[in-house]
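> Here is my input; please provide its structure:
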Amino acid sequence: MSGTSAPTGEQRVDWRIAAPPAGRWVDSPMVRAIIALGSGVVFYALRNWFINPDGEAFPMKFMVAVPLRGFHATHDEMWELYIHSRFWAFTNATLGWSVAQSYQVLSCAAGAVFVFLLLTYVRRFESRHQLPAFLACVAGGYMQLFFGDVENYTLMTALVMAYFLAAAWSLRDRGSVAVPSVLLALAITFHLEAGFLLPSLAYLYLSAWTRGQRVQVGLAIAGSLFVVGGTFVFFHVAGLPIGDLFANSHAIGHGGHFRQMLATPSVSYYVQIARLSLLLVPAWIVVPFLLLSRRISWDPINVHLALASIVMTVFVLCWKPQLGIDNDWNLYAMAAVPISLLAWRNVFNAIGDGRIPWPVVALIALFSAHSYSWVIANHFL
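Sure thing, here's the model as predicted:
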């Protein structure tokens, strides 16, 4: 906060935040790692005690499946459930942990990884305001995922963040498109919801193809197919038959009943979806103002983020929450990642190394207060 002299001789208060001193504080991997580890501790200290019906059913499912075949998994959440069930089996045998406690630890660990990757991502913003940019990106209720959520979206969301980081590297620095391609394939094998980002991957392929990286595109496709195909083969051999996929997967409508997967439109339904969306990703509010003021420069990274954001918006509007909107809030949380990155990347790129205007500071504070009051409330349930 600094004072400036007005023409009348009165002192006015300048509420804009000045740019930090020369040097970029998150350039150091050690600093990013320390912040990420500290975040993991905070996540666990304020871990979520709201457990939806799926989470409440995990103990029985794990206790039945793990002794029989060593793990519990479904075709929609293969590696996510496999890792969680195996981790519970180990920690229960050695430490006596419950299913909820084992989930909470892995969710918080995924949050620490997410924070490290996000801090690495904001280094690419054309601004030295990296701490405010990071705080803006995490000023959304979707971060509740990493406060020990007992559900199957946390590991996948950390992988999705890695995908967007690798995609930015591919688009800006002409890095290999195989890296984001394989990361997204891996995310899909953790949870099929990540498959809704495939249109954004197609854009990466197109960009690499037009740059003459045709061999890399071929390798990227082959690597992704290997990850997905190898995962299905592994689980088929381990006791999750591929033949059960058609009848049991949401992606195939549990036997072709796709209509059951789609929401029934109504005014009250979309009012609730709007309420939840503003809680999970308040950066929604910022995007229309950026578009109207033409603050979004349509470089390849913005096009990629915008395409991912549009597809995830369609998902939020159309996909039916099987447990009800409030119980299934985490189903929609991953959509916040591309939307937040798109909004705040363009806000801070527009600011550059100048002072942050007070409305931006106020929005970050408001969004944070709104989101983390919900996080804290769920901790004390």
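> all helices for the stretch 201-350 of the chain, in order.
214-238, 245-248, 253-256, 267-280, 286-292, 300-318, 336-351 (DSSP state H, counting those that start in this stretch).
> what number of residues lie near residue 92?
The number of residues packed around residue 92, counting by other CB atoms under 10 Å, is 17. C-beta here means a position set from N, CA and C on the backbone, and glycine is covered the same way.
> Can you tell me the element it falls in?
Element membership of residue 92, judged by DSSP states H and E, is helix 78-95.
> how much does the next helix or strand after that helix deviate in direction from helix 78-95?
Downstream of helix 78-95, the next assigned helix or strand under DSSP H and E is helix 99-122. Relative orientation of helix 99-122 and helix 78-95, computed by axes from the mean of the first three to the mean of the last three CA atoms, to 10 degrees: 120 degrees.
> Quick check: next helix or strand after helix 99-122?
helix 130-137.
> Summarise which helices and strands that next one is packed against.
helix 99-122, helix 336-351, helix 358-379 (3 or more CB pairs under 8 Å, 6 or more residues apart in numbering; DSSP states H and E).
> same thing but at 10 Å, please
helix 29-45, helix 99-122, helix 336-351, helix 358-379 (3 or more CB pairs under 10 Å, 6 or more residues apart in numbering; DSSP states H and E).
> Show me which positions of stretch 323-336 end up buried.
Using 16 or more other CB atoms under 10 Å as the test for burial, stretch 323-336 gives 325, 327-336.
> just those residues now: which is nearest residue 32?
residue 336 (20.9 Å; CB to CB).
> close enough to count as contact, the closest one and residue 143?
Yes: assessed by CB atoms under 10 Å, residue 336 is found in contact with residue 143 at 8.5 Å.
> residues in contact with residue 84?
Neighbouring residues of residue 84 by CB atoms under 10 Å, 6 or more residues apart in numbering: 58, 62, 71-73, 77, 99, 102-103, 106-107, 150-152, 154-155.
> Kindly report the same for residue 54.
Residue 54 neighbours (CB under 10 Å, 6+ apart): 61, 150-152, 322-323, 327-328, 330-331.
> Need the buried ones from the contacts of residue 84 selected in ChimeraX.
Buried members of the contacts of residue 84, defined by 16+ other CB under 10 Å, are picked up in ChimeraX with:
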select :58,62,71,72,73,77,99,102,103,106,107,150,151,152,154,155
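> The nearest residue to residue 119 once chain neighbours are set aside - how many residues pack around it?
Nearest residue to residue 119 in three dimensions, chain neighbours excluded: residue 32, at 4.5 Å (CB to CB, 6 or more residues apart in numbering). The burial count assigned to residue 32 is 21, neighbours taken as other CB under 10 Å.
> Below-threshold pLDDT in this structure: ranges please.
Scanning the chain for pLDDT under 70 picks out 1-24, 253-257.
> export stretch 374-381 as CSV, just CAs?
The C-alpha trace of stretch 374-381 is given here as CSV (Å, rounded to 0.1, in the frame of the first residue of the first chain):
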residue,chain,number,x,y,z
TRP,A,374,-17.2,-24.0,3.3
VAL,A,375,-14.0,-26.1,3.7
ILE,A,376,-13.7,-25.2,7.4
ALA,A,377,-17.4,-25.9,8.0
ASN,A,378,-17.1,-29.4,6.5
HIS,A,379,-14.1,-30.0,8.8
PHE,A,380,-16.1,-29.4,11.9
LEU,A,381,-19.1,-31.5,11.0
